[in-house]
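give me the fold of what follows.
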Amino acid sequence: MALQLMKLLVTASTTTSVDPTPEKFFHVTTGETAAGSTLSIDTADFFDDAGLVANDLPALATNNSYFNVFINGVLQMEGISTYTPGATTVGSLAIDVPAGGDPILAGSPIVLEVINYSPTSTTDVAT
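Coordinates of the predicted model:
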């Protein structure tokens, strides 16, 4: 028999699942926020999908999450909001109303949507 190179035959397949876990929080403004001002909304000033007062704004998973802010049903630009996760007096949403623009009127609905992804992977190796 002639010499030959012997090597392993290995096959592998990986299945990755990326499951979003969206959470929504709602607030209705009680007063007008003038252009050039900041509207700060504490965790306890939000209510959840069940209509209950929010206890905690979720942390954002590093490199696997994002948040959206809607005012009167319109998605807002990323640069005007600052999101801080946490419980009452720690967690908040701050919206900087651009100077020279329109104010946020009293009675305006504000929706905060926080989406975290929970990726999982399984690898099957056959030799």
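
only C-alpha atoms from now on, for both contacts and neighbour counts.
Noted.

for residue 21, which residues are in contact?
Each residue near residue 21 by CA atoms under 8 Å, 6 or more residues apart in numbering is listed here: 115, 116, 117, 118.

my read: the second one touches residue 68, true?
No: taking contacts as CA atoms under 8 Å, residue 116 lies outside contact range of residue 68: 11.7 Å.

which of the two has more neighbours?
residue 116 (21 against 16; other CA atoms under 10 Å).

okay, now the unreliable bits of the protein?
Along the chain, segments meeting pLDDT under 70 are nowhere present.

measure residue 122 to residue 93 for me?
As judged by CA to CA, to the nearest Å, residue 122 and residue 93 stand 37 Å apart.

which one's more surrounded, those two?
Comparing residue 122 with residue 93 by other CA under 10 Å, the one with more neighbours is residue 93, at 19 against 10.

so in terms of bridging, what pairs with the more buried one?
In this entry, residue 93 is beta-bridged to residue 41, residue 83, by DSSP bridges.

residues in contact with it?
Counted by CA under 8 Å, 6+ apart, residue 93 has contacts 40, 41, 42, 43, 81, 82, 83, 84.

tell me which of the residues you listed is nearest to residue 73?
residue 81 (15.5 Å; CA to CA).

just the element for the residue nearest to the closest one when sequence neighbours are not counted, please.
Counting by CA to CA, 6 or more residues apart in numbering, residue 95 is the residue found nearest to residue 81 once chain neighbours are left out, at 4.5 Å. Per DSSP states H and E, residue 95 falls inside strand 92-96.

got the CA coordinates for that strand in PDB?
Taking Å, rounded to 0.1, in the frame of the first residue of the first chain, the C-alpha atoms of strand 92-96 are listed here in PDB:
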ATOM      1  CA  SER A  92     -35.700  57.700  33.500                       C
ATOM      2  CA  LEU A  93     -36.100  58.900  30.000                       C
ATOM      3  CA  ALA A  94     -35.000  62.500  29.200                       C
ATOM      4  CA  ILE A  95     -36.100  64.100  26.000                       C
ATOM      5  CA  ASP A  96     -34.300  67.300  24.900                       C
END
